[in-house]
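Student: would you be able to build a 3D model of this:
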Amino acid sequence: ADKISLIPQDFFAELCEQIIQHLNHKIPGINTAELCQRIQTSGIEINAGDLAKIANIFSFLFSTAARNNLSTEELVITLGNAVSTLPKHALQVIRHVWNEQGKSISVSEDARNRASVGQFVDMKWKLGVAMSSDTCRSLRFPYVAVTLSVADPSGQVTDKSFEMSIPQFKNFFRQFKEMAAVLETV
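Tutor: Below is the predicted model:
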């Protein structure tokens, strides 16, 4: 509750709306790192780990409320009884978001099974050339650097980066072409 009270109402509302969108499979995940950076830029001291924990708590809260088919009032009363220290602005946001979008959360078994693995969000790449190192003055070694953004089942987006030599990249590309060919037959 102390960490939630640090988050301004507009940022908390954005977080809750992203959680609802994620639970509805409209977005692959919640980018808490980007939201945390924006909150910190506004002058609020909060770390990404705490914001991720808050996102997980409210994701669990909203999915449980949807599974139990709670009305807005039932959710707010239950929260008020269970968590007496929840900030007033947080309860207002929860009430508003749940009232507007809560009933749209799908809780089908198929959706829950699909959510048990990570989901691809984005990919960034760049081509580079290693010019030299401390042991070799003239490398001129080309490489491809790739960053994959993946949302885990809870919706947290993480980046995974790796580099490949040109032969490794050609193999990677060949495998993607094979996948595309198989998809064409489906």
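
Student: ok, and the closest non-adjacent residue to residue 31?
Tutor: residue 157 (4.6 Å; Cβ to Cβ, 6 or more residues apart in numbering). In short, each C-beta sits where N, CA and C put it, glycine included.

Student: and the one you found, what element?
Tutor: Using DSSP states H and E, residue 157 falls within strand 157-165.

Student: spit out the contact partners of the closest residue in space to residue 89 that isn't next to it in sequence.
Tutor: In this structure, residue 89 finds its nearest non-sequential neighbour in residue 9, 4.4 Å apart by Cβ to Cβ, 6+ apart. Counting by Cβ atoms under 8 Å, 6 or more residues apart in numbering, residue 9 touches 89, 92-93.

Student: identify, from these, the entry nearest to residue 24.
Tutor: residue 93 (17.6 Å; Cβ to Cβ).

Student: count the neighbours of the closest one for me.
Tutor: Residues near residue 93, counting by other Cβ atoms under 10 Å, number 23.

Student: return the host helix or strand of it as PDB; C-alpha atoms alone will do.
Tutor: Using DSSP H and E, residue 93 maps to helix 88-101. Below are the C-alpha coordinates for helix 88-101, written out as PDB (Å, rounded to 0.1, in the frame of the first residue of the first chain):
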ATOM      1  CA  LYS A  88      -8.300   6.400  -1.700                       C
ATOM      2  CA  HIS A  89      -7.100   7.400  -5.200                       C
ATOM      3  CA  ALA A  90      -6.300   3.700  -5.900                       C
ATOM      4  CA  LEU A  91      -9.800   2.600  -4.800                       C
ATOM      5  CA  GLN A  92     -11.300   5.300  -7.100                       C
ATOM      6  CA  VAL A  93      -9.200   4.100 -10.000                       C
ATOM      7  CA  ILE A  94     -10.100   0.400  -9.400                       C
ATOM      8  CA  ARG A  95     -13.800   1.300  -9.100                       C
ATOM      9  CA  HIS A  96     -13.700   3.300 -12.400                       C
ATOM     10  CA  VAL A  97     -11.600   0.800 -14.400                       C
ATOM     11  CA  TRP A  98     -13.600  -2.200 -13.200                       C
ATOM     12  CA  ASN A  99     -16.900  -0.500 -13.800                       C
ATOM     13  CA  GLU A 100     -15.900   0.500 -17.400                       C
ATOM     14  CA  GLN A 101     -13.900  -2.500 -18.500                       C
END
